[in-house]
Structures are given as structure tokens and as C-alpha cells.
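Visitor: Sequence first, predicted coordinates after that:
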Amino acid sequence: MTATNLVKFPVHHRVNNKWTVLRMLGCGSFGVVYKVCDDEGYLYALKTEKYTPKNALKVEVKVLQTGEKQKLKYFLKLLDCGTCKSPEGDQVLYIVMDLAGSSVDALRRLRPDRRFTLPCALTLGIHFVDAIEELHNMGYQHRDIKAANFAIGAVERQQIYIIDFGLCRSFFDEGTVRYAPLACHILRETCRKDDLESWLYSQIEYTRASLPWRDLNNIIDVGLYKERCRHDIGLGELMGGCPREYINILRYLDSLTFYEKPDYEKCRRHLKAAAMVLGGYKPTYDWIDENLRAGNGNAELTVDTSAAPKVA
Ligand SMILES: Nc1ncnc2c1ncn2[C@@H]1O[C@H](COP(=O)(O)OP(=O)(O)OP(=O)(O)O)[C@@H](O)[C@H]1O
């Protein structure tokens, strides 16, 4: 994100005469996220973007609203959205949502070996597949699935949320569903199985701490590496330290055609089968069991033990 796109709100800045800015939680590709509180001291996250005719935040609003309407499990509650003026006088679009805890990626990085235990990795895998299925059923493809875009609850630390919808795309343009060509129903360039392939790479990373192409930046080189990892030596390099079932998932995802709806349950079944060597699947959360010290936002070193996230 360019500095000119950054919406700078000073501490104590009031938004919509309702939300008080406490501090910045982080910057994404499209905007800045602040920790804010309401007049009773309850904490929330406020996401901002300079106003343009095509704001990424608009799709976030739709996704969060749909998630709430359908009472879905993996979506944060949207409390407010609107426009306001920045101190520099720019028109700003903002949304206020529930405050989440640390991202799953930040939690992984806090662990000494930068990976989760296998029971925890399998638990996360099942949550991620569930969350992706909920989003797909809503009619959206995520297109940026990674552990940094999933967070735990600020208070309920075994709850997982999917948090960033900046690159989300609807399968359908509103009003054209009835007449849309078949290709529109699954997207042309990328499709639903791509969200699951991205998830599987995250799954491998938090199971074994790294991906073999971690030092490559060039998109072509990374693509070639991923291709190589489908066969013999490359496959061993990618999957070393992971349960065999991950290979079954990769093979299954690669077998899907562009038009096919993925079988989410099959992915979950493979993960549960991988837990058989551990005596069966039992939901496990390393950050709870080991009391990993992570708080609201991006892995700050505090523990929030209050019944509701409130200003200290
Ligand atoms: N509801 C929330 N509660 C707490 N922290 C949040 C919330 N939403 C986003 N964040 C944090 O704010 C930061 C910026 O988030 P955002 O999703 O906008 O971008 P990103 O995921 O960092 O970047 P990109 O979109 O480029 O991948 C991240 O550290 C994220 O964990």
C-alpha cells in the first residue's frame, strides 16, 4: 500500500462520534486497521480505506453482513460502516467489527519451532476447511487464503475467524445469476479449489514450519517449484514431516476440474484419518494448552482474560 493511501487517525480521534481510536493494529494492502473503543469501553476493530469508486471494503461489508444474516460461525460481527473525514480532509470509508485476537500465523511465529503440534494443525485444518466452505456457500471465492487471514477470538480463544475479504470476489454479478453462463458460476481464471490449495500450503507450513519455496520471490520460480513438488523428490521435500493424508488431499485437489464443487467433507475426513495415529481426532489448541501469550490484534504480548474485550 502506498503512503498516500494510508488513513492516519491519531490516538483519541473520534469516528462517527461513536468510536475512539486507541492504536493502530496493522496495515493491509488496502487500508489500516485500528483498535477502537465505544463510550462504554468495549473494544472493536475499525478498518479504513480512502474512498474510491471501487473500494475493497465494500465487498467486506457484503461478506460480513451475509455471514451475520446466515448466522455463520467463522465471521466476525459487523457493528457499523460508513464514511467520515480523515484529519487531512480525505473522504474515508470505514467499517467497525468485533475485535479478534492474534492471527493464526502470528501464533505460529510465537512458537519456538514455528509450527503447531500435529493435533493442533489438524484442528486448524478442519476449521479452515469449514470456514472456506461457509464462504463458498455464500457465493464468494476468497483468493487470498493464508494463516495470516485467520484469527482466534479475543476472548474465546478456541474460536477461529476468517478476517480479510479484501480480495474476495462474488461468483455472480447481482441480478445476472439466472442468465449467467456456466463458466461464471465457478469463476473463469481461478476457482473454488484454488482456495483449498492455498489452505493446504498453509496447512503444510504450520505442520512442518516452512514451505520449500520460502526463499523464492519470483512468481514464475515459485510456480515452477510448486509444479516440481507434485512429483517424486519434490513431493518428499514438500510433504516431509507431514501425515501421508496431506498427499491424498493434494492429489484430490489436483484431480478436481475447474467446474467441480470441492468435496469439503472429503478434506476433513483425510485430516481426521491423519489423527488416527494420535488415537483419534481431538480438537487441540496449542496457544491455550501452552498458554501462549498472545492478545488482541497481531500477537502483542498480553493475555486478555476479561469476559468481554474492554479497555483496561
Ligand atoms: N477484526 C480484527 N481484530 C483484530 N485485528 C484485526 C482485525 N482485522 C484485521 N486485523 C489485523 O489488522 C492487520 C491488517 O489487517 P488486514 O486484514 O487489513 O490486512 P493484512 O491481512 O495484514 O494484509 P493483506 O490484506 O495485505 O494480506 C492484521 O495484522 C490483522 O491481523
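Guide: Arrived safely, thanks for sending. Numbering: from 1, shown residues only.
Visitor: who's in contact with the residue of the stretch 101-250 of the chain found nearest the ligand?
Guide: For the stretch 101-250 of the chain, the residue closest to the ligand is Asp164, as judged by C-beta to the nearest ligand atom, at 3.3 Å. In short, each C-beta sits where N, CA and C put it, glycine included. When the contact criterion is C-beta atoms under 8 Å, 6 or more residues apart in numbering, the partners of Asp164 are 28, 60, 144, 148-149.
Visitor: What about the ligand: which of those residues touch it?
Guide: 28, 148-149 (C-beta under 6 Å from any ligand atom).
Visitor: quick one: which of the residues you listed is most hemmed in?
Guide: Asn149 (23 neighbours; other C-beta atoms under 10 Å).
Visitor: Return the residues of this protein in contact with the ligand.
Guide: Neighbours of the ligand within the chain, by C-beta under 6 Å from any ligand atom: 25-29, 31, 33, 45, 76, 97, 99-100, 103, 148-149, 151, 163-164, 166, 296-298.
Visitor: Could you check how far stretch 16-33 is from the centre of its chain?
Guide: Chain-centre distance of stretch 16-33: 18 Å, with C-alpha atoms, centre = their mean, to the nearest Å.
Visitor: Show me what counts as buried in stretch 251-265.
Guide: For stretch 251-265, the neighbour count (16 or more other C-beta atoms under 10 Å) marks 252-253, 256, 262, 264 as buried.
Visitor: Looking at this structure, which residue is nearest the ligand?
Guide: For the chain, C-beta to the nearest ligand atom, closest residue to the ligand: Gly28, 2.2 Å.
Visitor: Which pLDDT value belongs to that residue?
Guide: For Gly28, the model assigns a pLDDT of 75.
Visitor: With the one 4 residues further on instead?
Guide: At Val32, the model reports a pLDDT of 94.
Visitor: what are the phi and psi angles of it?
Guide: Dihedral angles phi and psi of Val32 (degrees, to the nearest 10) take the values phi -110, psi 140.
Visitor: Run a quick neighbour tally on it.
Guide: Neighbours of Val32 (other C-beta under 10 Å): 22.
Visitor: can you pull the contacts of it?
Guide: Neighbours of Val32 in contact, by C-beta under 8 Å, 6+ apart: 6-9, 24, 26, 47-48.
Visitor: now, among those residues, which is nearest to Asp130?
Guide: Asp130 lies nearest to Lys47 out of these, by C-beta to C-beta, at 23.7 Å.
Visitor: What strands line up against the strand or helix carrying that closest one, and which way round?
Guide: Using DSSP states H and E, the element containing Lys47 is strand 43-50. Using DSSP bridges, the strands paired with strand 43-50 in its sheet are strand 32-37 (antiparallel), strand 91-98 (antiparallel).
Visitor: Contacts for stretch 62-73 next, please.
Guide: Counting by C-beta under 8 Å, 6+ apart, residues outside stretch 62-73 touching it are 74-78, 95, 97, 130-131, 134-135, 138, 140, 165, 168, 170.
Visitor: Recalculate using a threshold of 10 Å.
Guide: Residues from elsewhere that reach stretch 62-73 (C-beta atoms under 10 Å, 6 or more residues apart in numbering): 74-79, 81, 95, 97-98, 127, 130-131, 134-135, 137-140, 142, 159-163, 165, 168, 170, 174.
Visitor: for stretch 5-20, same thing?
Guide: By C-beta under 10 Å, 6+ apart, the list of residues contacting stretch 5-20 reads 21-24, 27, 29-32, 34-39, 41, 44, 46-52, 79-88, 90, 92-94, 96, 311.
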